[in-house]
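**Student:** Next one to model:
(chains A and B)
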Amino acid sequence: MSTYVTTPIYYVNALPHLGHAYTTIVTDTYSRFRKLCGDDVRFQTGTDEHGEKIVEAAVKEGVSPREYVDRISTAFQGTWPSLSVEPDYLIRTTDADHMQTVQDILQMVYDKGDIYFSEYSGLYCKGCERFLTEKELVDGKCPDHQVAPEEISEQNYFFRMSKYQDWLINHIKENPEFITPERYRNEVLSFLSEPLEDLCISRPTSRLTWGIPLPFDENFVTYVWFDALINYLTGLGYPNGELYAKYWQDAEHVIAKDILKPHAIYWPTMLRSMDVPAYKRLHVHGYWNVDETKMSKSIGNVVRPKDLVEAYGVDTLRYFVLREMSFGLDSSFSADSIIARQNSDLANDLGNLFSRSLTMIDKYAGQKVPQIEQSLEEEAEQELQQAIQDMLVAYEKHMNSFNFHKGLQSVWEVISLLNKYIVTNAPWDLAKDDSQQGRLNVVLYTLLEALRVLAIVLKPVMPSAADKMAAALSLENFDQATLTDCTWGGMTAGQALAAPEPLFPRLEKKKKEQKQQAQSKAKKKPATKAEQLDGVITFEQFGQVELRVATVIAAESIPKADKLLKLTVEAPEKRTIVAGIAEYYAPEDLPGRQVIIVANLKPAKLRGVVSEGMVLAAKQKLEDGTEQLTLATVAEKMAPGSRVA
RNA sequence: GGCGAUGUAGCUCAGAUGGUUAGAGCAUACGGCUCAUAUCCGUAGUGUCCGGGGUUCAAUUCCCUGCAUCGCCA
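**Tutor:** Sure thing, here's the model as predicted:
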């Protein structure tokens, strides 16, 4: 089986935002999913670079249209890797082969008699790049741009779209999946219940030169849709390329609802006129509202994909948008909701399951896949295996019909079952009883197998997290994995496993700080004197803090405290200091090291140990969302107790 | 103005071709466990299923109507 899946080509009059990111993540996820199903997949995205608005934007920046589109197009293409999006082909409407193909098609359709010349007069709005009807005007102005349209009379070329209306209605009725979800199919059918007008496909060069010239009349260039839609064919080398022969029959387009009409009506009729079979499916999604309002430049709440990746990590972002939005409907985006998903679904449910399972393998099975006796499998294991089978069926069905949120829901049901399975089978109890060794191995093996399946099904959604899981499970050829590898029993007994590593960190809700930041950014008001002083301390105040160099003599972990180490330091007197660095330093690594301590901190009791001061350390967040910590020290060896100032 | 969709727990949403105690996740409260990332497991909830009318033995579900929100069209 083959799959050809596309995003729209993005209009380069502005930088990429969350909406672009969503469409592209969805398409990438579907592409990866079809690969997981064993398909030969081609995934295409690109940029739409012609039209009046591009020229205007270029003029505004004082550069040529060519320079301008090169710059924005690069920005789009540079965004995809950071979203773990891996297209097979990036197309640009300014590519020479695309422009040639568009001209060839125009000539062919013209020769066939489906393009004719006609005069048209009406009220033209530059902002909309189209003619408006009287009824659309509000107080004589365009409602979107607040500008009075110009009365323009001009001659143009038209595509005989109306000729194919009846065919299109039948095609949609006979192919229930042609436009999904159903609400958009109904919308299109309702629109088609009225007579269709022919489509204006040209602009005179007197008004616009930044476009593809009509091959049969040099005084005109192609108007946006005839140019843009054809990219889906050009990218396959239509009409002769091998790719075209191989993939076109399986074409699926992913779009946002604002470009439904061109894709559901113009495009199939164009294809029909060209004698090219219609695409297989059109998938239409809704909008992201940001903090309950529409994303808009004027409100200043445009969300940049890059910022989101920096703040939350690419896997979390991908999981969030796919899990949160019911495909087809609008959804809301907010920092709180993405943090909530990260913490409850990813860190607590999946991440913790992964971590606790691997830790038990480490503790109770010597960090190796245990050998099991099939006869010791009980009902609990049977049920779990059945639940995973059921999940796989649901997963495949939902992912294939773009119901990603349902697909992920079914995966998380299994994650929840696994957490219950651990509690009810209590491996830590089995481990205390030698006669239960066999059962213990069965339970641990079952967990490993389940994690292996989870890594596979999560691969399309969270490629990097899945890779991490696979690495920890020592799965071989994971990049080639398919759904058939989900068959139970894939782990080899005796295989050594890597040390567990946290998959997803927990995030703090930073509601207040973020709001304050947003406000100060939005207002950009100059800081008042009082605010400037806020957070600033005087030299005297700093002098009150007594910093000293200290040498670590001994370090030991503290029972029941995962993050704390008990340090004995020389400063120069012997002191006990409790430091929250256990996640980053092993006790044996510390003796001999010099650290910087706050010597006059009020002693505090932590986990029953009195801490006389604190050690300084720097912390940073890494790209993958985990944190790194390193102890502060001095550049040269100093006598213990030396003052730091 | 025409057509259509939606309205269910604090939040996001499932759901029943009409039938007994209307569900899930999150959030909240309490209890338990210790393998785990202050994680996990269990228990507890609250609902005029948008308002009104109708059909029916029985309506949150079907019909009509009103209101609200949203979409498409003009």
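
**Student:** Break chain A down into its structural domains.
**Tutor:** Using automatic domain parsing, the domain parsing of chain A gives A:2-114+A:160-310, A:335-486, A:538-644.

**Student:** Now tabulate these in TSV and tack on distance to RNA strand B, mean neighbour count and mean pLDDT.
**Tutor:** C-betas here are computed from N, CA, C, even on glycine. Output for those, formatted as TSV (distance: least, C-beta to the nearest atom of the strand, whole Å; neighbours: other C-beta atoms under 10 Å; pLDDT from 0 to 100):
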stretch	distance to RNA strand B	mean neighbour count	mean pLDDT
domain A:2-114+A:160-310	5	18	93
domain A:335-486	2	18	94
domain A:538-644	5	15	71
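
**Student:** how about the helices in the stretch 51-200 of chain A?
**Tutor:** A:52-61, A:65-82, A:96-112, A:165-174, A:182-192 (DSSP state H, counting those that start in this stretch).

**Student:** How far does the fourth one sit from its chain's centre?
**Tutor:** To tie it back to what came earlier, the one meant is helix A:165-174. Taking the mean of its C-alpha atoms, helix A:165-174 sits 35 Å from the chain's own mean (C-alpha atoms, centre = their mean, to the nearest Å).

**Student:** what angle separates that helix from helix A:182-192?
**Tutor:** 160 degrees (axes from the mean of the first three to the mean of the last three C-alpha atoms, to 10 degrees).

**Student:** try the second one
**Tutor:** The directions of helix A:65-82 and helix A:182-192 differ by 150 degrees, with the same axes, to 10 degrees as the criterion.

**Student:** To A:Glu252, which of the helices of the stretch 51-200 of chain A lies closest?
**Tutor:** Taking C-beta to C-beta, helix A:182-192 is the member of the helices of the stretch 51-200 of chain A nearest to A:Glu252, at 14.4 Å.

**Student:** Can you list the neighbours in contact with the closest one?
**Tutor:** Helix A:182-192 is contacted from outside by A:165, A:168-169, A:172-173, A:176, A:178-179, A:257, A:260-261, A:264-265, A:284, A:328, using C-beta atoms under 8 Å, 6 or more residues apart in numbering.

**Student:** my read: A:Ile54 touches A:Leu208, true?
**Tutor:** No. A:Ile54 lies out of contact with A:Leu208 (C-beta atoms under 8 Å); the separation is 9.9 Å.

**Student:** ok, and the closest non-adjacent residue to A:Gln436?
**Tutor:** Sequence neighbours aside, A:Leu430 is the residue nearest to A:Gln436 in space, at 4.2 Å (criterion: C-beta to C-beta, 6 or more residues apart in numbering).

**Student:** got a list of what that neighbour touches?
**Tutor:** A:Gln436, A:Gln437, A:Arg439, A:Leu440, A:Val443.

**Student:** Closest one to A:Gly241 out of those residues, please.
**Tutor:** Lowest distance from A:Gly241 to the contacts of A:Leu430 (C-beta to C-beta) belongs to A:Val443, with 53.9 Å.

**Student:** what's downstream of the host helix or strand of the closest one, the next helix or strand?
**Tutor:** Using DSSP states H and E, A:Val443 maps to helix A:437-458. Per DSSP H and E, helix A:437-458 leads on to helix A:463-472 as the next helix or strand towards the C-terminus.

**Student:** What would that next one look like as CSV? C-alpha coordinates only.
**Tutor:** Below are the C-alpha coordinates for helix A:463-472, written out as CSV (Å, rounded to 0.1, in the frame of the first residue of the first chain):
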residue,chain,number,x,y,z
PRO,A,463,8.9,10.2,18.0
SER,A,464,11.6,11.3,20.4
ALA,A,465,10.0,10.0,23.5
ALA,A,466,9.3,6.7,21.7
ASP,A,467,13.0,6.5,20.7
LYS,A,468,14.0,7.0,24.3
MET,A,469,11.7,4.2,25.4
ALA,A,470,13.0,1.9,22.7
ALA,A,471,16.6,2.7,23.7
ALA,A,472,15.9,1.9,27.4
